[in-house]
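Asks: return atomic coordinates for the entry below.
(one chain, ligands or ions: 1)
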Amino acid sequence: MVAENLLTPADLIWPAFILEAADKTEDIATMPGVQRLGIEKLVARAKEAQELGVSAIALFPVVPTSKKTEGGEESFNPMNLICNATKRIKEAAPEIGIITDVALDPYTTHGHDGLLDDDKILNDETIEVLCKQALNQAKAGADIIAPSDMMDGRVAAIRQALDAEGFEDVAIMSYAAKYASCFYGPFRDAVGSKSALKGDKKTYQMSPANTDEAIREVQLDIAEGADMVMVKPGMPYLDIVRRVKERFNVPTFAYQVSGEYAMLRHAADQGCFDFETSLMESLLGFKRAGCNGILTYGALDAAKLLKS
Ligand code: PBG
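Replies: Numbering: from 1, shown residues only. Here you go, the predicted model:
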């Protein structure tokens with residue numbers, strides 16, 4: 001009766017990794033408890049997520065090496081994994097929102113989110129490809145387009161590209177304050193971009209030392225037309241969530257990223273504490289910081305606990 005903050009299944013967004021082999025599941029060594037799922041398995045889990053009241057699924061493809069290129073062209077193939085999964089989930093679980101990631105890293109041979117010239121990121125050339133990727137996802141039925149690439153000016157360009165094709169109702173959730181973080185390690189394992197990644201992403205992701213820069217990035221993305229903004233990673237950056245929330249009147253999300261989830265899992269596996277208790281406590285922390293929603297690999301676990 002006196003709880004100031006309440007976690008509900010509708011606060012939760014479940015990030016899922018899609019495998020090309022439709023009936024297969026694969027474990028991810030660095031992230032126990034999370035699996036890459038073939039489309040058939042994913043559809044079954046999506047139905048379960050819908051029943052549990054989880055609000056959305058964020059889709060990430062595991063692209064076979066044979067389809068990775070310098071230019072990441074598979075990202076705008078209308079038959080790619082993301083488009084197929086989006087269509088299938090829409091048929092099977094129409095109530096659940098579909099969030100698709102806009103960035104080239106799963107599709108490029110070098111593992112970067114943008115196009116490269118030697119080792120320099122080409123901002124403007126990348127944006128053209130990101131617009132094609134976003135349109136491709138909207139045509140397949142995505143509800144929310146989530147640019148995670150951190151190129152400058154991409155939100156405005158994507159908004160324009162979507163509107164020009166009649167997708168005014170497709171929302172943009174920008175990864176507005178995305179830090180260059182070691183906590184993405186297990187994700188890069190999961191999508192297979194870790195071994196490919198040349199160098200690091202520090203020229204386009206933010207320095208963990210900065211706060212004001214995050215506010216500027218959020219402000220720019222809102223001005224460019226973002227409907228919602230995200231802070232990422234989550235737990236080490238809840239001060240940023242709080243500042244964004246207090247300053248701007250937009251729905252604010254945070255991503256409890258792969259390394260954060262893995263940290264809880266591994267610690268629980270070592271007997272440090274109970275996994276479920278640690279998950280729920282950490283998610284409540286996001287609510288306390290002011291999040292309107294949380295992306296977490298524990299979405300289904302947490303939703304089940306909330307229902308029971
Ligand atoms: C890539 C992307 C990353 C994540 C989401 N989209 C990794 C990166 O920037 O290297 C990380 C998510 C996670 O760690 O769970 N554009």
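Asks: residue 225: what secondary structure?
Replies: coil (DSSP: H, G, I helix; E, B strand; the rest coil).
Asks: likewise residue 126?
Replies: Classified using three-state DSSP, residue 126 is helix.
Asks: count of residues packed around the residue lying closest to it once chain neighbours are set aside?
Replies: Counting by CB to CB, 6 or more residues apart in numbering, residue 126 lies nearest to residue 114, which is 3.5 Å off, once chain neighbours are set aside. Bear in mind the C-beta positions are built from the backbone N, C-alpha and C, glycine included. Residues contacting residue 114 under the criterion other CB atoms under 10 Å number 27.
Asks: next: residue 197.
Replies: Residue 197: 14 neighbours (other CB under 10 Å).
Asks: local confidence estimate at it?
Replies: pLDDT recorded at residue 197 is 81.
Asks: next one: residue 203
Replies: 87.
Asks: what about residue 210, distance to the ligand?
Replies: Computed as CB to the nearest ligand atom, to the nearest Å, the residue 210 to the ligand distance reads 17 Å.
Asks: enumerate every residue touching the residue nearest to residue 126.
Replies: Residue 114 makes contact with 103, 104, 121, 122, 123, 125, 126, 149, 151, 204, according to CB atoms under 8 Å, 6 or more residues apart in numbering.
Asks: that one belongs to a helix, doesn't it?
Replies: No. Applying three-state DSSP, one finds residue 114 to be coil, outside a helix.
Asks: buried ones in stretch 5-21, by neighbour count?
Replies: Neighbour-count burial for stretch 5-21, counted by 16 or more other CB atoms under 10 Å, picks out 7, 9, 11, 12, 13, 14, 15, 16, 17, 18, 19, 20.
Asks: just the C-alphas of that stretch, formatted as PDB.
Replies: Listed next in PDB are the C-alpha coordinates belonging to stretch 5-21 (Å, rounded to 0.1, in the frame of the first residue of the first chain):
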ATOM      1  CA  ASN A   5       7.100   2.500  -7.400                       C
ATOM      2  CA  LEU A   6       5.500  -0.500  -9.100                       C
ATOM      3  CA  LEU A   7       6.800  -2.800 -11.800                       C
ATOM      4  CA  THR A   8       4.300  -4.200 -14.200                       C
ATOM      5  CA  PRO A   9       4.600  -6.600 -17.200                       C
ATOM      6  CA  ALA A  10       3.700  -3.600 -19.500                       C
ATOM      7  CA  ASP A  11       6.900  -1.900 -18.400                       C
ATOM      8  CA  LEU A  12       8.900  -4.700 -20.000                       C
ATOM      9  CA  ILE A  13      10.400  -5.100 -23.500                       C
ATOM     10  CA  TRP A  14      12.000  -8.400 -24.400                       C
ATOM     11  CA  PRO A  15      15.100  -8.300 -26.700                       C
ATOM     12  CA  ALA A  16      15.300 -11.500 -28.800                       C
ATOM     13  CA  PHE A  17      18.000 -13.000 -31.000                       C
ATOM     14  CA  ILE A  18      16.800 -14.600 -34.200                       C
ATOM     15  CA  LEU A  19      18.500 -17.600 -35.900                       C
ATOM     16  CA  GLU A  20      18.200 -18.500 -39.500                       C
ATOM     17  CA  ALA A  21      17.400 -22.200 -38.800                       C
END
